[in-house]
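J.: any chance you can model this:
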Amino acid sequence: MRIIIGFISLFTIAGSTIGQPLRDINYNYLYNPDETVAFQLKAIRHTSDWEVQFNIPKKDTTDLLSTYLVEWSTRETLSDKESKPFFPAEIQGSAVKGSFRVPFTDRTVYLVAKVINKPMKRAWIFFQALEPNHPVNASLENRGHPVFRPFVNLSDSVVLHGLPEAVVSYYNDLFPAAQPPFSESLGKVSKGMKTDSTFTIHQGEVVRLSKKGLYLIQQDTNSASGIAVRAEDDYPKLAKIASLSPPLVYITTAQEYSKLLQAKNDKKSFDRVILGITNDRDRASRLMRNYFRRVELANYYFTSYKEGWKTDRGMIYIVFGLPDEVFKFNDREVWNYSLTKRNLSFTFVKSSSVFDPDNYVLLRDQKFQQSWYETIDLWRGSRF
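T.: Numbering: from 1, shown residues only. Model prediction:
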């Protein structure tokens, strides 16, 4: 694994914010579950300002206030080398968890958070583009905590903030899984998504999203703004046999996949197919453990209007693993893999919508076909 460019020593921390453009930082730590720090950052656009929510989730019993420091700044572009220090007027919460307001502007501004681990003398860079047309204008709260990821569990209840009243549109679509990176077909979603039902909620009202699927919360159904969230059952970690079959589409033959779907909740039938792939119980166990750990992470990092494992980034993450390099630009995200994977480079183009302002679509190419099938063969032999 290469050294993470965005993982900086405190002895050079002042120079890092002045001399390094945001587009030149390697952000692969964003998708690394073993990284020391995780940082959640979300912006909600209001009429006259932005509400910025942030949080450092606890990974252990560490006292976060004595361990971490968050320094805020802004930049005009991703290529700027200099940051302008930003001092929130008032933070609701603490220095490592809370929210604050940012004045609204008619141009895009990049809000930068430098998260510093004081004992380790290391820091990580995170940023959020504050775009005038950003479609998110409301937020949800679950058990007193902001919902940072676009999914909740069916057992959870959520509370709406930011809109006095909102219309909730429910979609029960079975969105397609991503197509292989060399495919000419994209598995596109129908342009005319049909709303299955609608209902109204009010600010501060406790609501349980009781049906599995996608919910779009808007001031009215003609609005270009809102917030989308998926309600899921066993998620992001899948546990039910019926839930395990669909994500295996990437490494199974059409006949194997059909048998898995037919198995539904029949564990014996499911196991029979997996054993037929690996021809060994130990390898079958290792395959399931390693594959579905990546499925869980894909769901956590890349859930969009559809499940994370179905997205383009989720597919590549599951099959090829954590990228060695991740570079972020205004309109795309580039993932690079090392020599062990034939110097693969995948480009994901931003395709924003009211359902997901951070949706990305893979630029497919026939050149990926050989590497894809070689990697699938490794999976089927449980050689990871």
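J.: how many residues are close by the closest residue to residue 356 other than its chain neighbours?
T.: The shortest distance from residue 356 to any non-neighbouring residue, by Cβ to Cβ, 6 or more residues apart in numbering, is to residue 304 (4.4 Å). Placement of C-beta: from N, CA and C, glycine included. Neighbour count of residue 304, defined by other Cβ atoms under 10 Å: 25.
J.: can you pull out the helices in the stretch 51-200 of the chain?
T.: 64-67 (DSSP state H, counting those that start in this stretch).
J.: just the strands in it please.
T.: Here the stretch 51-200 of the chain has its strands, by DSSP state E, counting those that start in this stretch, at 68-75, 84-85, 92-93, 97-103, 109-117, 122-130, 139-142, 145-146, 151-153, 157-161, 165-171, 197-202.
J.: next SSE downstream of the top helix by length along the chain?
T.: Across the chain, the longest stretch assigned as helix under DSSP state H is helix 281-302. Per DSSP states H and E, the first helix or strand lying C-terminal to helix 281-302 is helix 312-320.
J.: for the stretch 251-384 of the chain, give me the ranges with low pLDDT.
T.: 339-342 (pLDDT under 70).
J.: returning to what we had before: buried residues, the longest helix of the chain. List them.
T.: Across helix 281-302, burial judged by 16 or more other Cβ atoms under 10 Å covers 283-284, 287-288, 291-292, 294-302.
J.: closest one of those residues to residue 350?
T.: Among those, residue 302 lies closest to residue 350 (Cβ to Cβ), at 13.4 Å.
J.: distance of that closest one relative to residue 314?
T.: 4 Å (Cβ to Cβ, to the nearest Å).
J.: what is in contact with those two at once?
T.: residue 308 (Cβ atoms under 8 Å, 6 or more residues apart in numbering).
J.: and the residue nearest to residue 356, how far from residue 314?
T.: Distance from residue 304 to residue 314, by Cβ to Cβ: 9 Å.
J.: quick revisit: between the strands of the stretch 51-200 of the chain, which gets nearest to residue 234?
T.: strand 151-153 (8.6 Å).
J.: partners of that closest one, with directions?
T.: strand 227-232 (parallel) (DSSP bridges).
J.: coming back round to it: now the common contact residues for residue 304 and residue 314.
T.: With Cβ under 8 Å, 6+ apart, residue 304 and residue 314 have no common neighbours.
J.: what bridges to residue 361?
T.: On the basis of DSSP bridges, residue 361 is bridged to residue 349.
J.: next one: residue 169
T.: Legend: beta-bridge partners of residue 169 under DSSP bridges are residue 198, residue 216.
J.: wait, it touches residue 223, no?
T.: No. In this structure, residue 169 is not within contact of residue 223 by Cβ atoms under 8 Å, at 10.8 Å.
J.: against which helices or strands is the longest helix of the chain packed?
T.: helix 267-278, helix 312-320, helix 369-380 (3 or more Cβ pairs under 8 Å, 6 or more residues apart in numbering; DSSP states H and E).
J.: just name the most buried of these.
T.: Stretch with highest mean neighbour count among the helices and strands packed on helix 281-302: helix 312-320 (a mean of 23; mean count of other Cβ atoms under 10 Å).
J.: which element follows that one toward the C-terminus?
T.: strand 325-328.
J.: closest one to residue 73 out of the buried residues of helix 281-302, please.
T.: Nearest member of the buried residues of helix 281-302 to residue 73, counting by Cβ to Cβ, is residue 301, at 25.0 Å.
J.: and that closest one, what is it in contact with?
T.: Counted by Cβ under 8 Å, 6+ apart, residue 301 has contacts 30-31, 308, 313-314, 317.
J.: again, only using 6 Å
T.: residue 31 (Cβ atoms under 6 Å, 6 or more residues apart in numbering).
J.: can you check residue 136 too?
T.: Residue 136 sits in contact with 44, 227, where contact means Cβ under 6 Å, 6+ apart.
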